[in-house]
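Undergrad: Let me see the structure of the following:
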Amino acid sequence: MYWHLTSKSQIVLPAKIRRRLNLRPGDMLEITAKEGCITIHKAPVSFVAELDGCAAGYWQGYSEELRKERDQWDG
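TA: Residues are numbered from 1 along each chain as shown. Okay, the predicted model is just below:
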């Protein structure tokens with residue numbers, strides 16, 4: 001898919017892409033350029049909220065493991 005750059009250096013994202021990324025007016029976009037390619041991502045509203053679920057599965061069951069270890073300390 002190709003887009004034209006306007007005289008004001010702007011592009012219009014097609015509705016299909018806006019819907020797929022759930023983009024709304026006022027949303028912040030993260031734009032990076034590397035090796036001749038441009039990547040556009042929807043920026044997180046809150047980096048804290050974005051990290052909240054990061055690696056959540058990694059810690060599953062950890063509380064039980066921690067409890068067992070603490071029980072051994074009391075031993």
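Undergrad: Around Lys42, how many other residues sit close by?
TA: For Lys42, the neighbour count with other Cβ atoms under 10 Å is 14. From N, CA and C alone the C-beta is placed, and that goes for glycine too.
Undergrad: residues contacting it?
TA: Contacts for Lys42 (Cβ atoms under 8 Å, 6 or more residues apart in numbering) come out as Leu21, Asn22, Leu23, Asp27, Met28, Leu29, Glu30.
Undergrad: how close does the first one sit to Glu30?
TA: Right, Leu21. Distance, Leu21 to Glu30, by Cβ to Cβ, to the nearest Å: 12 Å.
Undergrad: quick check: mean pLDDT across the longest helix along the chain?
TA: Counting residues, the longest helix found in the chain (DSSP state H) is helix 62-74. Averaging pLDDT along helix 62-74 yields 82.
Undergrad: Can you spell out which helices and strands pack onto that helix?
TA: Contact partners of helix 62-74 among helices and strands, from 3 or more Cβ pairs under 8 Å, 6 or more residues apart in numbering; DSSP states H and E: none.
Undergrad: need the helices for the protein, in chain order.
TA: Under DSSP H, the chain gives helices at 15-20, 47-52, 62-74.
Undergrad: Mind listing residues that contact the last one?
TA: The set of residues external to helix 62-74 that reach it, using Cβ under 8 Å, 6+ apart, is empty.
Undergrad: Extract the C-alpha trace of it and format it as PDB.
TA: The C-alpha trace of helix 62-74 is given here as PDB (Å, rounded to 0.1, in the frame of the first residue of the first chain):
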ATOM      1  CA  TYR A  62       5.400 -17.800  42.700                       C
ATOM      2  CA  SER A  63       3.400 -16.900  45.900                       C
ATOM      3  CA  GLU A  64       3.000 -20.600  46.700                       C
ATOM      4  CA  GLU A  65       6.700 -21.200  46.100                       C
ATOM      5  CA  LEU A  66       7.500 -18.300  48.400                       C
ATOM      6  CA  ARG A  67       5.200 -19.500  51.100                       C
ATOM      7  CA  LYS A  68       6.900 -22.900  51.100                       C
ATOM      8  CA  GLU A  69      10.300 -21.300  51.400                       C
ATOM      9  CA  ARG A  70       9.100 -19.100  54.300                       C
ATOM     10  CA  ASP A  71       7.700 -22.200  56.100                       C
ATOM     11  CA  GLN A  72      11.100 -23.800  55.900                       C
ATOM     12  CA  TRP A  73      12.700 -20.700  57.600                       C
ATOM     13  CA  ASP A  74      10.300 -21.100  60.500                       C
END
